[in-house]
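> Any chance you could fold what I've pasted below:
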Amino acid sequence: MHCRLGAAQCGAWRATSRPARPGARGRSTAPRAAPPGGAAAPAAVELELAEGSSLQSVCKQLDAILAGAAEGGIAVEQQAVALAQAAMARGVFKAFGRGQQVPKRIYTIEELRLNRIEPAKLLSPTDESLNAVRNAAQGAAAAGLAALAFFAGFSKVFGVLVAASFLLVADQVANAGGGEALLVDSLGRVLSPNYGARVTLHEAGHFLVAYLVGLLPRDFTLSSADAFMRHRALNVQAGCQFCDGGFDGEVAAGRLSSTSLDRYSCVALAGVVTEYLRYGQAEGGVGDVAQLDRLLRALQFTQKKADGQVRWAVLNVAAMLRRHAGLHDALADAMAAGRSIGECVALIEGALAAQPDLLAPEGAASGGSAAASAASDGEASDA
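Below is the predicted model:
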């Protein structure tokens, strides 16, 4: 089974994003999903927020907590989430988890098309940006070898080819191809002016949608070089991280709620939907969608149910990104400028504080209408 919007299957998508965390290469920007049977989620943390706390002070406190995320792990994530929940209770965070969402039901392909979403273009990406970079690099290498053969003889060319082959194999074994990815990603930013902006918008889409559906971002990187400089690892590429320990616990316990699945699905698909809306064609995000596909398989979803989940999430994310297009652009600029998580959160909250009509009513269920959410709870693990 593959989760599908139409005839094209998710397995054909290519990822331009990876998590900003040292670890196994190939994990997506989507919230990480622990395999069933793992450890249960740690107990929730409660945090009191002083009355009269300002948005700026809370966001600075959030940055202070997340500064220890690399060492503190789940405990730091819990503290950050507890702070966000306390800020919501005090009315400091007004937008967190309050993005307006479409009703949760099964949507047809025709309904997606009526909402200006063409499944074939969304699910059949052509990696034109990096393919052009690879072709240019291969052409330059071939020209270099030809020049070397002309001036130094074929024996030198043979030696260079042996050395290059050894380095490529070593990179695949030691770094899962991370060195090659770093080189191609860096060249892409030089040879393709739109590539860097595309990746930034892709990651900003993940960030914004996650915040609006109630999943707190905790870190992000926008290039392989940035990830390497920060984490000193070649098997990490650009991507967003989230405070998703609670989701991991639900999956590990085999009790994934429909609200958590809806949130996960929206965040996973936010990057590809961003690229489709902005460029008319998705190039990146196969890792995100493949992870969602694996999760739906593990939950033993039927093909029809998996298709319905993906279609709803795509329509929901597209509606949010269209509604908040200006904020999306501003967030991408802030991320490109190296703003912190707290500063990005302050940007989102500040922009939406003046537009409360763009938010769902306080207390509304996340993932569509309250009735739809209640009706689908408990179905996440059926066949």
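
> Please report how far Gln56 lies from Val345.
Note on Gln56: its distance to Val345, by C-beta to C-beta, to the nearest Å, is 10 Å. Using the backbone N, CA and C atoms, a C-beta is placed for each residue, glycine as well.

> brain fart, Gln101
On the measure of C-beta to C-beta, Gln101 and Val345 end up 20 Å apart.

> Same check on Cys266?
When distance is defined by C-beta to C-beta, Cys266 is 18 Å away from Val345.

> next one: Leu321
As defined by C-beta to C-beta, Leu321 lies at a distance of 18 Å from Val345.

> tell me which helix or strand of this protein sits lowest on mean pLDDT?
Taking all helices and strands of the chain together, the one with the lowest average confidence (mean pLDDT, DSSP states H and E) is helix 370-376, at a mean of 36.

> neighbour-wise, which of Gln56 and Val345 wins?
Between Gln56 and Val345, counted using other C-beta atoms under 10 Å, the more crowded position is Val345 (26 against 14).

> where does the more buried one land on pLDDT?
Taken from the predicted model, the pLDDT recorded for Val345 is 98.

> isn't it right up against Asp63?
No - at 9.1 Å, Val345 and Asp63 do not qualify as touching, with contact defined as C-beta atoms under 8 Å.

> Okay, now the unreliable bits of this protein?
1-47, 69-72, 123-150, 152-192, 224-237, 363-383 (pLDDT under 70).

> give me that answer again for 50
In the predicted model, the chain carries pLDDT under 50 at residues 1-28, 35-42, 171, 365-379, 381-383.

> Quick one: the strands in it, in order.
Taking DSSP state E as the criterion, the chain contains strands spanning 217-221, 239-242.

> Looking at these, which is nearest to Leu256?
Checking the strands of the chain against Leu256 by C-beta to C-beta gives strand 239-242 as the closest, at 15.8 Å.

> Could you list the paired strands of that closest one along with their orientation?
On the basis of DSSP bridges, the sheet neighbours of strand 239-242 come out as strand 217-221 (antiparallel).

> was I right about His206 contacting Cys240?
Yes - between His206 and Cys240 there is a contact under C-beta under 8 Å: 4.6 Å.

> Next, the distance between the ends of stretch 238-258.
End-to-end span of stretch 238-258 (C-alpha to C-alpha, to the nearest Å): 29 Å.

> Could you measure from Leu261 over to Asp288?
Taking C-beta to C-beta as the measure, Leu261 and Asp288 are separated by 15 Å.

> more neighbours, the two?
In this comparison of Leu261 against Asp288, neighbours counted by other C-beta under 10 Å, the higher total goes to Asp288 at 29 against 26.

> Could you double-check that that one sits in contact with Gly271?
Yes - checked against C-beta under 8 Å, the pair Asp288 and Gly271 is within contact range at 5.8 Å.

> highest average neighbour count across the strands of the chain?
Relative to the other members of the strands of the chain, strand 239-242 carries the highest mean neighbour count by mean count of other C-beta atoms under 10 Å, namely a mean of 26.

> For it, output the C-alpha coordinates as CSV.
Listed next in CSV are the C-alpha coordinates belonging to strand 239-242 (Å, rounded to 0.1, in the frame of the first residue of the first chain):
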residue,chain,number,x,y,z
GLY,A,239,15.1,20.3,7.9
CYS,A,240,12.9,21.1,10.9
GLN,A,241,12.7,19.4,14.3
PHE,A,242,9.7,19.4,16.6
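
> from memory Ile109 sits against Pro119, does it?
Yes - because the distance of 5.8 Å satisfies C-beta under 8 Å, Ile109 is recorded as touching Pro119.

> on that earlier part again, got the strands of the chain as TSV, with distance to Glu77 columns?
Shown next, in TSV, are the strands of the chain (distance: least, C-beta to C-beta, whole Å):
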stretch	distance to Glu77
strand 217-221	6
strand 239-242	8
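
> Quick one: closest of those strands to Asp333.
For these, proximity to Asp333 was assessed by C-beta to C-beta; strand 217-221 is nearest, at 13.7 Å.

> Count the neighbours of Ala120 for me.
Here the number of neighbours of Ala120 (other C-beta under 10 Å) works out to 12.

> any idea how far it is from Arg113?
Distance, Ala120 to Arg113, by C-beta to C-beta: 10 Å.

> And Lys304, by the same measure?
Applying C-beta to C-beta to Lys304 and Arg113 gives a distance of 19 Å.

> more neighbours, these two?
Between Lys304 and Arg113, counted using other C-beta under 10 Å, Arg113 has the larger neighbour count: 12 against 9.

> dump the residue contacts of that one.
Under the criterion of C-beta atoms under 8 Å, 6 or more residues apart in numbering, the contact list for Arg113 reads Pro119.

> Next: Ala336.
In this structure, Ala336 makes contact with 200, 222, judged by C-beta under 8 Å, 6+ apart.

> out of everything not next to it in sequence, what's closest to Tyr211?
In space, not counting the residues next to it along the chain, Tyr211 is nearest to Ile348; the distance is 5.7 Å by C-beta to C-beta, 6 or more residues apart in numbering.

> you'd agree that neighbour is up against Leu327?
Yes - assessed by C-beta under 8 Å, Ile348 is found in contact with Leu327 at 6.6 Å.
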